[in-house]
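> prediction below, plus the sequence it came from.
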Amino acid sequence: MVYTDPDEVPWSAYLAVAGVAAVIVAALLPWFEAVGSTTTGLEHDDGYITAGVALAALALLAAFEWEIVARIGAALAGVLTITIGYDAYSQVDQYGTHEPKAGLYLTLLGGVILLGAAIWGAIEARRDVAETERDPAAS
């Protein structure tokens, strides 16, 4: 389906774009502070991976217009981002001298938003299919 009107685009797709933006911005922000100096996500591979996965989800969203492939891509991006963010958080938390910062929290939030948008999109798609099956003239 080609969306010709912005009002046709599901809200879950907009939420997925917001999740992508959050993950990309989070990679640029400080993830933790150790002994007075902060470290961004891009200073280690974690920030590059999360930003890259988020951009891949955005590319799928643009190419497949929030159909099943784009929703699966967003869900996988969300799960991977949450996993990487949680792993980085638990590593930072192990050290008494390290303190998590906004970028790490935003990474986790962006992953949750991506995953939530994918689930919401799947529910919307299933509801639309059920309505079409009930009333074929409505499509």
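Now that the structure is in, tell me what you want to look at.

> name the nearest residue to the most centrally placed residue in the chain, ignoring sequence neighbours.
Nearest residue to the geometric centre of the chain (C-alpha atoms, centre = their mean): L114, 3.1 Å. Nearest non-adjacent residue to L114, counting by C-beta to C-beta, 6 or more residues apart in numbering: G78, 3.3 Å away. Where C-beta positions appear, they are placed from N, C-alpha and C, glycine not excepted.

> picking that back up, which helices and strands does the helix or strand hosting the residue nearest to the centre of the chain pack with?
Element membership for L114 (DSSP states H and E) is helix 102-134. The helices and strands touching helix 102-134, judged by 3 or more C-beta pairs under 8 Å, 6 or more residues apart in numbering; DSSP states H and E, are helix 11-28, strand 30-34, helix 45-64, helix 68-94.

> please redo it, this time with the cut-off set to 6 Å
Counting contacts by 3 or more C-beta pairs under 6 Å, 6 or more residues apart in numbering; DSSP states H and E, helix 102-134 is packed against helix 11-28, strand 30-34, helix 68-94.
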